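Visitor: quick one: sequence plus predicted model below, questions after.
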Amino acid sequence: MHDVRSMTRILASLAVVAPLLVTSLNGQEKPEQGGSGLTLESTRTIAFETTEGTYMDLDVSPDGGTIVFSLVGDIYSMPIGGGEATRLTEGMAYDIQPTYSPDGSEIAFISDKSGSDNIWVMKADGSEAEAMTTEKERPVSTPEWDADGDYVVARRGGEMWLYHRDGGSGLKLTEDALAGGLSGLKVSADGRHVFFSSRGG
């Protein structure tokens, strides 16, 4: 486990320089490239530089050398010792909750680029992003890899679901009554158990 104070020191060393896309709701409809379901068109670009952030999700690479995190809807990576961050995703989509695969070669994350919150997977350098889930009615969130990197456990609505790395309809693991308000998903090292917190019964 990584110490929370260490994470605070790491983020204090953060340096981000990136354009932030801002849109005006002008009624124009133009999906992003790559089949995006989003219909807002960006109208201006704002550059910003910062050394801190709020409401950030982060994960540490399996080799302990890199952190990946979300900031204002994009995902970045940077050396764990601090320094300048590299932006891995960009555009109008809101990308959050990045998590490294067990071998560190891929990152699963949540994005609304299809028009609804779904799990996407990309290479650790930000390339070859593709959708793992294609939900349209119930948002998917909090992805967590299994120990082998073959499956991802996630919340879909108020339920816990298991998805294969290569996609598919998924397998429901819990019912609403059991997992109402579930959060904090974590797969055990042996892959046999999933730990979570719940406000349900």
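Guide: In hand now; what should we look at?
Visitor: ends of stretch 132-140, what's the gap?
Guide: With Cα to Cα, to the nearest Å as the measure, the first residue of stretch 132-140 is 11 Å from its last.
Visitor: centre of the chain to it, how far?
Guide: Taking Cα atoms, centre = their mean, to the nearest Å, one finds the center of stretch 132-140 at 14 Å from the center of the full chain.
Visitor: buried set for that stretch?
Guide: Going by neighbour count (16 or more other Cβ atoms under 10 Å), the buried part of stretch 132-140 is 132-133, 135, 140. C-beta: built from backbone N, CA, C; applies to glycine.
Visitor: and for residue 80, the neighbour number?
Guide: For residue 80, the count of nearby residues is 17 (other Cβ atoms under 10 Å).
Visitor: quick check: it touching residue 62?
Guide: No. Look at residue 80 against residue 62 with Cβ atoms under 8 Å: they stay out of range, at 11.9 Å.
Visitor: please flag which of the buried residues of stretch 132-140 sit within strands.
Guide: residue 140 (DSSP state E).
Visitor: dump the buried residues of stretch 132-140 to TSV, plus distance to residue 154 and pLDDT.
Guide: Converted to TSV, the buried residues of stretch 132-140 look like this (distance: Cβ to Cβ, whole Å; pLDDT from 0 to 100):
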residue	distance to residue 154	pLDDT
132	9	95
133	8	95
135	10	90
140	5	93
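Visitor: JSON lines for the buried residues of stretch 132-140, including distance to residue 190?
Guide: As requested, those are exported to JSON lines (distance: Cβ to Cβ, whole Å):
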{"residue": "132", "distance to residue 190": "23"}
{"residue": "133", "distance to residue 190": "25"}
{"residue": "135", "distance to residue 190": "29"}
{"residue": "140", "distance to residue 190": "25"}
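Visitor: identify the farthest-apart pair in the buried residues of stretch 132-140.
Guide: In those, two members sit farther apart than any others by Cβ to Cβ. They are 132 and 135, at 10.3 Å.
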